[in-house]
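Undergrad: What would the 3D arrangement of this be:
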Amino acid sequence: MNSSANASKHRALVAKAITLGLLSITPVCLQAQTDSPPNLELAISGQFLNKLTTLPINTTQQVNTSIGGADISTLINAKGNALVNPWRTGKSGLGFCLNANTIIHSDIDAQIAGPARVFVRTDAVALTHTSSNKCFFLDDSGLKSYGASTNAATKLTVNNLDVWAEGLFRRLKTRIGYRKAQEELANQIPKNEREISERAVTTINDLLDSKTVGMVQKVTTMWKDWIYKATTGSGLLPHAMKFYSTNQTAYVYVPSNDQHQGLQLNPSGNQAAAIRIRPDYVKDLTKVYMAGLTLSDMEILTALVKAHGEYEIPEDLIGSPDEVVMRFSAEKPVEVTFQDDVISLTFNFDQIETNGKTYKNIFVTVPVTLKADPTNGLTIVIPDALEAKEQASGAIHAELTEYLTARWKLIATSKSFAIEPLRKKMAAWLPVRLATATARDDQLTITAINGEPSEFAAVTAKISKMLNLGAN
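TA: Residues are numbered from 1 along each chain as shown. Now for the predicted structure:
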């Protein structure tokens, strides 16, 4: 009972905005597939994930140690970057790997007090190149992590060698000590390079494993409480979503006949993502949220105002007797076709109330024209006039058409209906440019290209802060 009630409650929360959502869908443009492509498929390119998740590495540390009578002072500076790549696992789920490349610059100052009061001091530079990999797998149970692996190579260069002696025979002891120090250094450098590399491997692996423990816990919690709950068996969506990844692309899809086609993104281009929706998915989705739903145009407008928070609802709309209250059909609340770059939305109503009158069994078809390009983004063109028709005969209901058209013009021209503030909010978390939009062959498709580097940097900083990746 509780599970069913919660699902109904969640559906009610989002149902109010579903009509608006249908008018601003932003789905995908992909290569032709077989006769039964997925009903919904989102493809995200590895290049986009790289740009979105690139985190700079820049850390400095002073280390003072004493080994075998030698006092060693080391200033370590590590610079590089870490980014995420998709990972082909061959299993149902999302695989991805965190790849980090660093150059560790170590300034080493060592002083040794040898026998017979002979002293040796060296300063050297060690450059260590590291390449690290830590992989994760996200499936129904949450996020799993695998142990980090690192390769490292070090080049040690001695910049200066000083040898001096105290007491009797200082010059002789200095000459002998210098020769022995040179021989010892020649023998020790390869060994020291290996030791420095091994130490770097151990340190970085431990750091990656420890740093990502909290992230794994947070992602698993968000996944189970929000994403997985919404996309699988909770009843919030009409079909369970599935996940899959290759070494170039991450996929989210709703299969048709349990098939996964695999949208093809252009690997050599700047393509960020693509999404494709077929009419069956829209029909099933709207039936979940809109079947039998009673909704007013003022509720839609109020939801928009709350979402973008920039404008007030005009006074001449508040409390207006022309407010339209609609009860959607329980069987087919919305029907849709995608053809000739037009989305034809047919809204079926059991009842419409406006201007003190009640109208039964009405449908309204709204042709929505799409256009997208990287400069102007997505443009949605909705006609100025709406036609209300009777379900039985298909005849135009003149009186209701007049009321609905007048009301629609008043709402559509008000700033409260503005979509641009919502676009700006989306852009703050999604640094892409919409490149193409097509509605053809019963598929609604949109592709997106990568945004500007500064936009990616801003989103990456937010993600890093949200996951607390900068914490020790």
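Undergrad: So what are the structural domains in this structure, by residue number?
TA: 2-30+265-466, 49-212 (automatic domain parsing).
Undergrad: which one of the ones you listed has the lowest average pLDDT?
TA: Within those, the stretch with the lowest mean pLDDT is domain 2-30+265-466, showing a mean of 77.
Undergrad: Make a markdown table from the domains of the chain and add mean neighbour count and distance to A240 to it.
TA: The way it works is simple: take the backbone N, C-alpha and C, and place the C-beta from them, glycine included. Converted to a markdown table, those look like this (neighbours: other C-beta atoms under 10 Å; distance: least, C-beta to C-beta, whole Å):
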| stretch | mean neighbour count | distance to A240 |
| --- | --- | --- |
| domain 2-30+265-466 | 16 | 12 |
| domain 49-212 | 16 | 10 |
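Undergrad: ok, the residue of the chain most remote from its centre to M426 distance?
TA: What lies farthest from the middle of the chain is L168; by C-alpha atoms, centre = their mean that is 72.2 Å. Distance, L168 to M426, using C-beta to C-beta, to the nearest Å: 82 Å.
Undergrad: Same question for A274.
TA: Distance from A274 to M426, by C-beta to C-beta: 17 Å.
Undergrad: repeat for P333
TA: 26 Å.
Undergrad: ditto for M290
TA: 23 Å.
Undergrad: How about N187?
TA: Counting by C-beta to C-beta - N187 and M426 are separated by 62 Å.
Undergrad: Mind giving me the packing neighbours of the longest strand seen in the chain?
TA: Across the chain, the longest stretch assigned as strand under DSSP state E is strand 118-139. Identification of packing neighbours for strand 118-139 by 3 or more C-beta pairs under 8 Å, 6 or more residues apart in numbering; DSSP states H and E yields strand 70-87, strand 94-113, strand 142-145, strand 149-165, helix 170-222.
Undergrad: can you dump the C-alpha coordinates of it into PDB?
TA: Below are the C-alpha coordinates for strand 118-139, written out as PDB (Å, rounded to 0.1, in the frame of the first residue of the first chain):
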ATOM      1  CA  VAL A 118      83.600  13.100   5.300                       C
ATOM      2  CA  PHE A 119      80.400  14.800   4.300                       C
ATOM      3  CA  VAL A 120      78.400  14.500   1.100                       C
ATOM      4  CA  ARG A 121      75.600  16.800  -0.100                       C
ATOM      5  CA  THR A 122      73.600  16.400  -3.300                       C
ATOM      6  CA  ASP A 123      70.700  18.200  -4.900                       C
ATOM      7  CA  ALA A 124      68.700  16.400  -7.600                       C
ATOM      8  CA  VAL A 125      65.500  16.500  -9.500                       C
ATOM      9  CA  ALA A 126      63.200  13.600 -10.100                       C
ATOM     10  CA  LEU A 127      60.500  13.700 -12.800                       C
ATOM     11  CA  THR A 128      57.900  11.000 -12.400                       C
ATOM     12  CA  HIS A 129      55.300  10.400 -15.100                       C
ATOM     13  CA  THR A 130      52.300   8.500 -13.900                       C
ATOM     14  CA  SER A 131      49.200   7.100 -15.600                       C
ATOM     15  CA  SER A 132      46.400   5.900 -13.300                       C
ATOM     16  CA  ASN A 133      43.200   4.100 -14.000                       C
ATOM     17  CA  LYS A 134      40.300   3.400 -11.600                       C
ATOM     18  CA  CYS A 135      37.100   1.800 -13.000                       C
ATOM     19  CA  PHE A 136      33.500   1.800 -11.800                       C
ATOM     20  CA  PHE A 137      30.300  -0.100 -12.700                       C
ATOM     21  CA  LEU A 138      26.800   1.100 -12.200                       C
ATOM     22  CA  ASP A 139      23.900  -1.300 -12.300                       C
END
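Undergrad: distance between that strand and the chain's centre?
TA: 31 Å (C-alpha atoms, centre = their mean, to the nearest Å).
Undergrad: Within its sheet, name the partner strands of it and how each one runs.
TA: Note on strand 118-139: by DSSP bridges, its sheet partners are strand 94-113 (antiparallel), strand 142-145 (antiparallel), strand 149-165 (antiparallel).
Undergrad: and those as CSV, adding distance to K79?
TA: Listed next are the strands paired with strand 118-139 as CSV, based on distance: least, C-beta to C-beta, whole Å:
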stretch, distance to K79
strand 94-113, 6
strand 142-145, 25
strand 149-165, 15
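Undergrad: Looking at these, which is nearest to R407?
TA: Closest approach to R407 among these is made by strand 94-113 (45.0 Å; C-beta to C-beta).
Undergrad: can you pull out the helices in the stretch 351-472 of the chain?
TA: 398-412, 420-427, 453-466 (DSSP state H, counting those that start in this stretch).
Undergrad: Any chance of CSV for those helices, columns distance to N348?
TA: Listed next are the helices of the stretch 351-472 of the chain as CSV, based on distance: least, C-beta to C-beta, whole Å:
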stretch, distance to N348
helix 398-412, 14
helix 420-427, 27
helix 453-466, 40
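Undergrad: for those, which one sits closest to A116?
TA: That would be helix 453-466 among these, by C-beta to C-beta, at 55.8 Å.
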